[in-house]
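Asks: Predicted coordinates and the sequence they were generated for:
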Amino acid sequence: MLTKGVQYKPLDWWPVFSSLIAPQGQSEDSSDEGGASGDTEMDFLRSLFSRTLGLSPGEKVLDELTLDGVARYIKSGKCKSIICMVGAGISTSAGIPDFRSPGTGLYANLQKYNLPHPEAIFQIDYFKKHPEPFFALARELYPGQFKPTVCHYFMKLLKDKGLLQRCYSQNIDTMERVAGLEGGDLIEAHGTFHTSHCVSFLCRKEFSMDWMKDKIFSEDIPKCDSCGNLVKPDIVFFGENLPARFFTSMQTDFPRCDLLIIMGTSLQVQPFASLVSKVSNSCPRLLINMEKTGQSEFGMGLFGFGGGMDFDSDKAYRDVAHISSCDDGCMALAGLLGWKAELEEMVKREHGLIDSKDSKKTEKEAKQSAESTGVDSGK
Ligand SMILES: [Zn+2]
C-alpha cells in the first residue's frame, strides 16, 4: 500500500484511518497537529502494526471479569454476535467418550490389530490400507443414544434469541445438529459422522449416517455401491485437511464477534486452538471448563502477541474463566440472563421427544425381529 513513488498526503487519509484505529477522541488531536510530518505517519504505522499484530491494548467491555459481568454485557444489547468454540468436554455428560484421547483405555482393545502406533488408527494412509481397526473402534464407541446436553441446548437458545453467530466444534458426534443447530450455524472443524463419502476422488458418493451405522454394526467394511471403494465417515483424519469452510468462515466470523464462549476444550489441537486470538482485542472471552486453559500455551506469548488467555494477571481485562462443568456453567449463565426456565423447558421437551422416538424405534425393531423369528420357526 505504501509504495514508493505514489504521492500520499498523510492528512488526506489520516482522519479516515485514525477513526478506525485510534481510541476515541485522539483522532482529532492528531490531525490538529497539522504537520504532514513524519511523526504522524509513524504514529499511523505504529497503530496499524500494533492493531494488526494485536499489540494495542483493547477496550475493556465487561464491568467485571465474572459470569455476572458477561451476563450484564449480553443483557445490555451491545453484544449481538456470539461465537461458541466447543470441544469434547461438552459431550461427556451425554456419555460420549473423547474419541481420540490415548490413555482412556480405548486403544488397549486394539492390540490385536497390531497398529504400528495408536494414532495410526486415525491416519488416512493407514486407514486406506487397513480400515478394520477404525471401524472396530467406531463400533465400540458408537453412542447408544444421541441426547444432547444442557450446553448443546444453551447454544440452541442463543440461536433462537438471534445471538449465535456460529458454533465452531471440534466434536464429530453430531450432537449440535441433534440439538437443533443447522449446517449454516456450525463449523465442524474436525468433520462429522453426519455424512460419509466414498474415498475415491473420482466418485465421492455421499452416504447417510444411518447407512454408515448399519455398516458399522454389521461388521462389514463399508464399500461404495457405485465403485466398490472404501467409504469413510467425514471426520478429519490426521493427514487430511480441515474443511474449507473452517478457513473461509473464520476470516469473516471472528473480526465481527462480540463475545467468544469457549466450552469443554483444552485448546490443545491446532489450528482450532488459535481461533481464540482471531477475535478483536476488545472482544470478551468466556471460558467454561473444568480447568483454566489457553493461557499463552500455543506460542503466541513467546512473540508478545498477547493471543493467549489472561484471566488473572494485573493486565487481565476481558477473559473470564468459569470453572465448572459445561452444563452447570451454561445453566448458571442462563439463570443470570433470566432464561433458566426456558432452557430447562427446552431440555425436558427435546429429551422427551428423543425418548419417545427411541422407544418407537425399539418397538419397531422388536416387532421386526419377532416377525423374522416367526418366519424362521415356521419353516
Ligand atoms: Zn465410490
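Replies: Now that the structure is in, tell me what you want to look at.

Asks: Flag every buried residue along the helix ranked longest in the chain.
Replies: Using DSSP state H, we find that the single longest helix of the chain is helix 340-378. For helix 340-378, a neighbour-count test (16 or more other Cβ atoms under 10 Å) marks Leu343, Met346, Val347, Glu350 as buried. Quick note: C-beta positions are derived from backbone N, CA and C, even for glycine.

Asks: What segments of this structure are helices?
Replies: For the chain, helices defined by DSSP H occupy the ranges 10-21, 26-32, 38-52, 67-75, 124-129, 132-141, 150-160, 175-178, 209-218, 244-253, 326-337, 340-378.

Asks: which of those is buried the deepest?
Replies: Of those, the one with the most neighbours on average (mean count of other Cβ atoms under 10 Å) is helix 150-160, at a mean of 24.

Asks: how about the strands of the stretch 51-200 of the chain, start to end?
Replies: For the stretch 51-200 of the chain, the strands identified by DSSP state E, counting those that start in this stretch occupy 82-86, 164-169, 186-188, 191-198, in order along the chain.

Asks: of all those strands, which lies closest to the ion?
Replies: Among the strands of the stretch 51-200 of the chain, strand 191-198 comes nearest to the ion, with 3.1 Å by Cβ to the ion.

Asks: on that earlier part again, so how far is the longest helix of the chain off the chain centroid?
Replies: 30 Å (Cα atoms, centre = their mean, to the nearest Å).

Asks: same check, this time on stretch 128-138
Replies: Between the centre of stretch 128-138 and the centre of its chain there are 26 Å (Cα atoms, centre = their mean).

Asks: Provide a list of residues in contact with Pro143.
Replies: Ala94, Gly95, Ile96, Asp173 (Cβ atoms under 8 Å, 6 or more residues apart in numbering).

Asks: In a markdown table, list the buried residues of helix 340-378 along with distance to the ion and pLDDT.
Replies: Rendered in a markdown table, the data for these read as follows (distance: Cβ to the ion, whole Å; pLDDT from 0 to 100):
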| residue | distance to the ion | pLDDT |
| --- | --- | --- |
| Leu343 | 43 | 98 |
| Met346 | 40 | 98 |
| Val347 | 40 | 98 |
| Glu350 | 36 | 97 |
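
Asks: Quickly name whichever of those is closest to Leu202.
Replies: Using Cβ to Cβ, Glu350 is the member of those that lies nearest Leu202, at 41.0 Å.

Asks: and the closest residue to that closest one other than its chain neighbours, what does it touch?
Replies: Using Cβ to Cβ, 6 or more residues apart in numbering and skipping the chain neighbours, the partner closest in space to Glu350 is Tyr153 (6.5 Å). Tyr153 makes contact with Ala179, Gly180, Leu343, Met346, Val347, Glu350 under the criterion Cβ under 8 Å, 6+ apart.
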